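Q: Any chance you can model this:
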Amino acid sequence: MIKAILFDMGNVLLFFNARISSKAFAQATGLTEEEIWEQFFVSELEKRYTRGEISSQEFYEQVSRNFPKKIDFKTFSRLWNEIFTENLEMDELLKKLKRHYPLYMISNTNDLHFEHIKKNFGITKHFTDFFPSHQVGHRKPNPAMFQHVLKEIKLKPEETVFVDDMSEFVESARQLGINAVQFTAAKNLEDELRNLGVQC
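A: Numbers count the residues shown, from 1 in each chain. Below is the predicted model:
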């Protein structure tokens with residue numbers, strides 16, 4: 001019996017396009033877009049930030065060392081956060097699921113993004129609790145991320161469903177015995193959840 005549903009955030013609950021941010025950073029700092037992308041969007045430093053190993057201020061200070069034109073922390077935060085739009089189709093489905101199950105969010109994210117999303121997007125109101133990577137200390141697809149969540153919500157893997165757009169993360173969850181679904185669209189997800197015995 002399914003007792004809880006676990007959702008990824010990016011490109012499931014919210015759409016995001018980090019290239020919008022990297023382009024804005026390039027214009028503001030004087031680096032090329034690819035330099036911005038490599039130096040901190042897909043860098044080991046970014047992974048450390050999303051695991052909570054460094055603070056937002058430390059992340060800003062370390063990446064901004066390489067900026068030919070300096071920007072303040074407030075500007076940095078704004079450019080870093082302006083990448084999200086809400087997936088409105090998911091709102092109705094979450095309302096239906098919430099009547100029957102606690103909903104949990106599991107996301108590889110960071111402090112600036114997470115606080116921005118909680119403040120600006122109503123979709124977070126549907127969730128019982130959140131497990132962002134920067135608070136948990138692990139990133140998907142590390143099994144420790146899922147094991148931490150299962151321990152916190154006191155459920156067995158087979159009692160949960162996990163929804164993510166990334167096949168690698170879905171497979172990691174399945175390896176632990178979690179019922180996992182790769183997200184493509186809200187309508188498809190509803191059908192797949194019903195196939196698992198979930199009330200929608």
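Q: how about the nearest residue to the spatially most central residue of the chain, chain neighbours excluded?
A: Nearest residue to the geometric centre of the chain (CA atoms, centre = their mean): residue 107, 3.2 Å. Setting aside the residues directly before and after it, residue 107 is nearest to residue 9 in space (CB to CB, 6 or more residues apart in numbering), at 3.8 Å. Every residue, glycine included, has its C-beta placed from N, CA and C.
Q: again with residue 104
A: Here the residue nearest residue 104, using CB to CB, 6+ apart, is residue 6, at 4.9 Å.
Q: partners of the strand or helix carrying the one you found, with directions?
A: Element membership for residue 6 (DSSP states H and E) is strand 4-7. According to DSSP bridges, strand 4-7 has the following sheet partners: strand 103-107 (parallel), strand 160-164 (parallel).
Q: Deepest-packed of these, please.
A: Stretch with highest mean neighbour count among those: strand 160-164 (a mean of 25; mean count of other CB atoms under 10 Å).
Q: so for it, what's the average pLDDT?
A: Mean per-residue pLDDT for strand 160-164: 98.
Q: Skip ahead from that strand and say which helix or strand is next.
A: Next along the chain from strand 160-164, counting by DSSP H and E, comes helix 167-175.
Q: mind checking how far the helix or strand that that following helix is followed by is from the chain centre?
A: Next helix or strand after helix 167-175 toward the C-terminus (DSSP H and E): strand 179-182. Computed by CA atoms, centre = their mean, to the nearest Å, the chain-centroid distance of strand 179-182 equals 16 Å.
Q: Neighbouring strands - and their directions - for strand 179-182?
A: When DSSP bridges is applied, strand 179-182 pairs with strand 160-164 (parallel).
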